[in-house]
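**Student:** got a sequence here, can you build the structure:
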Amino acid sequence: MKGLLVTLPVRRLVAALALGAALLTAGCGSLETDRAATVDGRVITETEVNSVMEQINAMDPSPVQNPLTPGAALTQLVRSAPALEFFAENGLVSSESLARTQARDGGLDDPSDATIEILRYFHALNVASSGQQFTQEDQAEFFQRISSQEVDVSPRYGAFDPETLAVTATTPEWVEPFAAPQ
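**Tutor:** A predicted model of the protein is given here:
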């Protein structure tokens, strides 16, 4: 009888620990499968990339000249946070309310947070580019800040090139080029 009483709490504890480990492992796995990139410890999800791409491309008028591809949307998400921080430090703040108004005017009733961030970034970049307030030194610091980030891109998107500040498609080393039969 006494062995049964000791065994039952131990079994419950083991079951609870196993369930907790399974839930923890499942949670980490699902986050990793949705990870498009990690930038200085911040995860950019594929869900964010897709929402930015779909929503920006759906806007009329479009804030971009060419429709965003997944790689281009990820590039903008990699650039946006440090760029917005840099612009704010230099007195150029692009508000969320302005971005929401632009989204609404473009036909988006419920833009994602990632889309709002990109619209804020585009607005600040346009203001900085059109004005004479940023010197060449400011531009150099701007590019240096973005290029110095620690960026880890999911292989399905390619790699971040700090020279071009863009995510570019890459071919894994194990893929052999196709050679047509002669």
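**Student:** helix, strand or coil for the residue most central in space within the chain?
**Tutor:** Nearest to the geometric centre of the chain sits Ile44, at 3.2 Å (Cα atoms, centre = their mean). Secondary structure, DSSP: H, G, I helix; E, B strand; the rest coil: Ile44 is strand.
**Student:** that one pairs with what?
**Tutor:** Ala37 (DSSP bridges).
**Student:** who are the contact partners of it?
**Tutor:** By Cβ atoms under 8 Å, 6 or more residues apart in numbering, the contact set of Ile44 is 35-38, 74, 77-78, 114. Any C-beta I mention is one placed from the backbone N, CA and C, and that applies to glycine too.
**Student:** one more: Asn57?
**Tutor:** Residues in contact with Asn57 (Cβ under 8 Å, 6+ apart) are 64, 67-68.
**Student:** so Asp60 sits against Asp105, correct?
**Tutor:** No: with contact taken as Cβ atoms under 8 Å, Asp60 and Asp105 are classed as non-touching, separated by 9.3 Å.
**Student:** how close does the nearest residue to Gln102 once chain neighbours are set aside get to Asn90?
**Tutor:** Using Cβ to Cβ, 6 or more residues apart in numbering and skipping the chain neighbours, the partner closest in space to Gln102 is Leu119 (5.4 Å). Leu119 sits 19 Å away from Asn90, going by Cβ to Cβ, to the nearest Å.
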